[in-house]
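Trainee: Fold the following, please.
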Amino acid sequence: MPRIYLGYAWALLDPLLMISVFSLVFGMRGQSGFGGAPAPLFITASYLPFLFFRNVVSKLQSAVSANKALFCYRQVTPFSTFVARFILEAIIGLFVGCVLVLGLLWFGFDAIPHDPLQVILIYFLLMIFSFSLGINFCVLSNLFKEADKFLSLMMMPLMFISCVMYPLATVPPQFQHWFIWNPLIHAVELIRCGWIAGYVSPDVSWSYLISLTLVLLTFAMSCYRLSHRRLLAS
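Mentor: Residues are numbered from 1 along each chain as shown. Predicted coordinates for the structure are as follows:
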């Protein structure tokens, strides 16, 4: 039981420490480097969606291997474990987000999104994207055990190439066309545009994020259907 409480505490401490450290480091640049937004607000608006993405993908990847004992019950399927873990991460993410927003308001920051509908819609797309990618990684790790190591190694550099700690506009123009292939950049930048008043990012696209999310979801459902029995037997 203490380990469970520690895990829930870390779910709040992780973003709190990360936001505090990066706000201290990058905040010395002033607001001009963050599209006119204070550093804590800028980093909160981008780190929270990335943290949700990272947690959902990693938890879904290990959902089957961590719940093998439950598959002796006919009602429990691998997809059930995906949904259960996803819902838990969504609830934790919502709680952490509310606490951090209240904390920013307490310290005098204007942390209420100026376009809540856009923020909600992009988060919804990010949820589907993360859910789909997590299923794909679970199927892949069931086929190739080395995929687990690849995911853990991928997450840290992925955070830095997803514009979590800096705006896309600060990337040199000759490299921006490579960066915008990354769908996480579109999600993060669109959330910032909806959260921070006056923040603009003209190079990101709703249609790209929606299209890629639907393709990934279709691919994930196809992979799951083809590997359903293999996942049960693993």
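
Trainee: give me every residue that touches Phe71.
Mentor: Thr77, Pro78, Leu232 (CB atoms under 8 Å, 6 or more residues apart in numbering). C-beta here means a position set from N, CA and C on the backbone, and glycine is covered the same way.

Trainee: now do 6 Å
Mentor: Leu232 (CB atoms under 6 Å, 6 or more residues apart in numbering).

Trainee: now it: how far from Ala63?
Mentor: Distance from Phe71 to Ala63, counting by CB to CB, to the nearest Å: 11 Å.

Trainee: Can you pull the poorly scored residue ranges out of this protein?
Mentor: For the chain, the stretches with pLDDT under 70 are 1-8, 10, 26-33, 35, 234.

Trainee: where's the nearest residue to Cys223 once chain neighbours are set aside relative to Ala69, distance?
Mentor: Counting by CB to CB, 6 or more residues apart in numbering, the nearest residue to Cys223 once its immediate chain neighbours are dropped is Val139, at 4.6 Å. Distance, Val139 to Ala69, by CB to CB: 20 Å.

Trainee: more crowded one of those two?
Mentor: Val139 (24 against 8; other CB atoms under 10 Å).

Trainee: Which of the three states applies to the most centrally placed residue in the chain?
Mentor: Most central in the chain under CA atoms, centre = their mean is Phe53, positioned 1.9 Å from the mean C-alpha point. Here Phe53 takes the helix state, with states given by DSSP: H, G, I helix; E, B strand; the rest coil.

Trainee: Contact partners for the nearest residue to it once chain neighbours are set aside?
Mentor: Using CB to CB, 6+ apart and skipping the chain neighbours, the partner closest in space to Phe53 is Ser130 (4.7 Å). Ser130 sits next to Phe53, Val56, Val57 when contact means CB under 6 Å, 6+ apart.

Trainee: which one of those is nearest Trp195?
Mentor: Set against Trp195, the nearest of those by CB to CB is Phe53 (16.2 Å).

Trainee: Quick check: the residue nearest to the centre of the chain vs Glu89, distance?
Mentor: For Phe53, the distance to Glu89 - CB to CB - is 10 Å.

Trainee: now Met18
Mentor: Taken as CB to CB, the span from Met18 to Glu89 is 17 Å.

Trainee: Show me which of these two is the more surrounded one.
Mentor: Taking neighbours as other CB under 10 Å, Met18 and Glu89 compare with Glu89 leading, 25 against 18.

Trainee: Phi first, then psi, for the more buried one.
Mentor: Main-chain torsions, Glu89, degrees, to the nearest 10: phi -70, psi -40.
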